[in-house]
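1. predicted structure and sequence below. I'll ask about it afterward.
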Amino acid sequence: MEYVKNNELDWQPSFNDVLSDGLNGYRGALIVEEGKQLSPDRKLPPKIQAKQVIMVSNDKGIKLLACELESFNHFKPMFEKYKEFFTPDSLNILYVTDLDGNGTFTYEGIEFTAIMLDESSVWNELLEVADLEKGDMKKLSPAEKIEKMYDELLEADVQEAPKTYEEMCELIGESSKQLMGAV
């Protein structure tokens, strides 16, 4: 989080604070490619961002990263931007709106699970994977929600069919995400 803070890479965070056991929790978006600087104090929104991020980290790196990517083509720039913080034991779940299939792949020694996202949110998808009920989570503080989610995901089976990175690229299709609400 120090890297994110020092490089102003957080975007519209809803939570960024210390959790128990020396961990840090974050919910919001992370900038992958910045928007154009219009003036010294005005900048366009990011060109590429990891949206709906739920992240747990410590001083050494990322423990959990779950996020939405608009395209699987955004994976490489996101990985490059944050690769020094991924570890072989990071739990990384990508919800991608333009994938036509799911898979678990290894990229530069780091494992990622990529899942199609169409109508749901990352949080709702994770609740299902972790077998948690929304009602039980409502009673918890924001920090406790992230901790509970993290603890349950460590025990959950998040693996999809093994694929290579190249096989995942072949699954790129049209964005299937449905817009909700008034258009």
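-> Looks like it came in fine. Numbers count the residues shown, from 1 in each chain.

2. how close does Asp151 sit to Glu70?
-> Distance from Asp151 to Glu70, counting by C-beta to C-beta, to the nearest Å: 29 Å. Backbone N, C-alpha and C define where each C-beta goes, glycine included.

3. between these two, which one's more packed in?
-> Glu70 (16 against 13; other C-beta atoms under 10 Å).

4. could you report the pLDDT at the more buried one?
-> Per-residue confidence (pLDDT) for Glu70: 95.

5. the residue lying closest to it once chain neighbours are set aside: neighbour count?
-> Spatial nearest neighbour of Glu70, chain neighbours left out: Thr97 (5.5 Å); criterion: C-beta to C-beta, 6 or more residues apart in numbering. Thr97 has 19 neighbours, counted by other C-beta under 10 Å.

6. okay, Thr97: pLDDT?
-> pLDDT at Thr97 comes out at 94.

7. again, but for Ser176
-> 52.

8. the residue nearest to Glu70 is in contact with Ala114, isn't it?
-> No - in this structure Thr97 lies outside contact range of Ala114 using C-beta atoms under 8 Å: 11.0 Å.

9. packing partners of the longest helix anywhere in the chain?
-> Counting by DSSP state H, the longest helix found in the chain is helix 142-155. Packing partners of helix 142-155 (3 or more C-beta pairs under 8 Å, 6 or more residues apart in numbering; DSSP states H and E): strand 10-18, strand 24-33, strand 48-57, strand 62-69, strand 91-96, helix 122-129, helix 134-138.

10. closest one to Gly173 among the ones you listed?
-> Nearest of those to Gly173, taken as C-beta to C-beta: strand 91-96 at 10.2 Å.

11. geometric centre of the chain: which residue is closest?
-> In the chain, the centroid-proximal residue (C-alpha atoms, centre = their mean) is Cys67; its distance is 2.0 Å.

12. so that one is in contact with Ile48, correct?
-> No - under the criterion of C-beta under 8 Å, Cys67 makes no contact with Ile48, lying 11.8 Å away.
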